[in-house]
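> one predicted model, sequence on top.
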Amino acid sequence: GLRMLSAAMKGGFRSAAGIARAMTTASKPGFFELRQYDIKPACINDWVSETKKAGSVRANMFNTDGSRFLGVWRSEIGGNLNRVHHLYHYADYDARDKVRKAAANPQGDWADYLKVVKPWMDVQSSSAFVEATSTLTQCGLPGALNWSPPSEGKGQVAYEMRVYQLQLGYSRVPDFLKLYGSGLPDKLNVDKTGASQLVTLLYSDSGPMNKVVELWRHETMERGIESRVASRGADKWKAAIAGIAGHADTFENTFMRPVVGPWC
């Protein structure tokens, strides 16, 4: 809709063709790739600055008929403070192969950008995820490909990545999603702050298996805490989390600041 078009414009999709490409992958469930880079501490601010300037270059590279660039974030608190996070959607692995091949043989502005930033990068990692779209839909949420941020911010926006590492076993992720879906509507109903939105819920398909990731957008970090406190009044949500605890080995969260992309 119009909100998605507006968000695409923010991410550097300045032409009609670019906007159309940004929306194409919504027709297939596909998968998401989360790429995380550890930047040399002395270089993190420079990396962020150059990446912001090259936002439209990245959008043009990764928004194709089978792929979509969703955003880059920088860790703010929780975990490695010199880590940056990229999120992309691909219609399938063939589409990813095509896009990554082009990205690995850079030309023009993309080559100039990589020449500057690559020496600042220490470690790169990548994982593939599938969205739990049916769980989100049952809770009245659009999912990542149909979500767009509010048009007006009320402060310094923060995103929160909440990561569950579940125990081994084929039933762990389905059991998690069943529990999560049973409690989430109660959580959303009880929280009247209006501070937070669940952007997506993902589970791993490559990389560390049985990993589940929530991505939330908060008006500010403080408002995110207010939302969290409000949700503690949701009895069904608390019961769901108690059940999830029996399936999880670890849980961690990271607050992040958006660097560039349609969700900034």
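Perfect, I can see it now.
> for the stretch 151-264 of the chain, which spans come out with low pLDDT?
153-154 (pLDDT under 70).
> 50 instead, please
For the stretch 151-264 of the chain, applying pLDDT under 50 flags no range at all.
> contacting residues around the particular helix or strand that has residue 257 in it?
Element membership of residue 257, judged by DSSP states H and E, is strand 248-260. Residues from elsewhere that reach strand 248-260 (CB atoms under 8 Å, 6 or more residues apart in numbering): 11-12, 48, 51-52, 54-55, 58, 71-79, 84-85, 156-167, 176, 221, 224, 264. For every residue, glycine as well, the C-beta is placed using N, CA and C.
> weed out the non-buried ones from these.
Neighbour counting by 16 or more other CB atoms under 10 Å classes 11-12, 48, 51, 54-55, 58, 71-76, 79, 84-85, 157-164, 166, 176, 221, 224, 264 among those as buried.
> CA atoms only: put the strand holding residue 257 into CSV for me.
The C-alpha trace of strand 248-260 is given here as CSV (Å, rounded to 0.1, in the frame of the first residue of the first chain):
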residue,chain,number,x,y,z
ALA,A,248,15.0,-22.9,25.4
ASP,A,249,18.6,-23.2,26.3
THR,A,250,19.4,-19.5,26.2
PHE,A,251,17.7,-16.1,25.6
GLU,A,252,19.3,-12.8,24.8
ASN,A,253,18.3,-9.4,23.4
THR,A,254,20.1,-6.5,21.7
PHE,A,255,18.8,-3.0,21.2
MET,A,256,19.9,-1.6,17.9
ARG,A,257,19.8,1.7,16.1
PRO,A,258,18.8,1.8,12.4
VAL,A,259,21.6,2.8,10.0
VAL,A,260,20.0,2.8,6.6
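> buried sites along it?
248, 253, 254, 255, 256, 257, 258, 259, 260.
> tell me where the longest helix sits in this protein.
The single longest helix within the chain, with elements called by DSSP state H, is helix 172-190.
> how far away is the closest residue to residue 73 other than its chain neighbours from residue 75?
If you skip the residues right next to it in sequence, residue 73 has residue 256 as its closest partner in space, 3.8 Å away by CB to CB, 6 or more residues apart in numbering. To residue 75, residue 256 is 6 Å away according to CB to CB, to the nearest Å.
> okay, and the common contacts of the two?
Common neighbours of residue 256 and residue 75 (CB under 8 Å, 6+ apart) are residue 85.
> do a quick rundown of the helices in the stretch 101-250 of the chain.
In the stretch 101-250 of the chain, the helices defined using DSSP state H, counting those that start in this stretch lie at 108-117, 133-138, 172-190, 221-231, 235-245.
> residue 91: which of the ones you listed is closest?
helix 133-138 (14.3 Å; CB to CB).
> now do that closest one: distance to the chain's middle.
17 Å (CA atoms, centre = their mean, to the nearest Å).
> nothing else from me, thank you.
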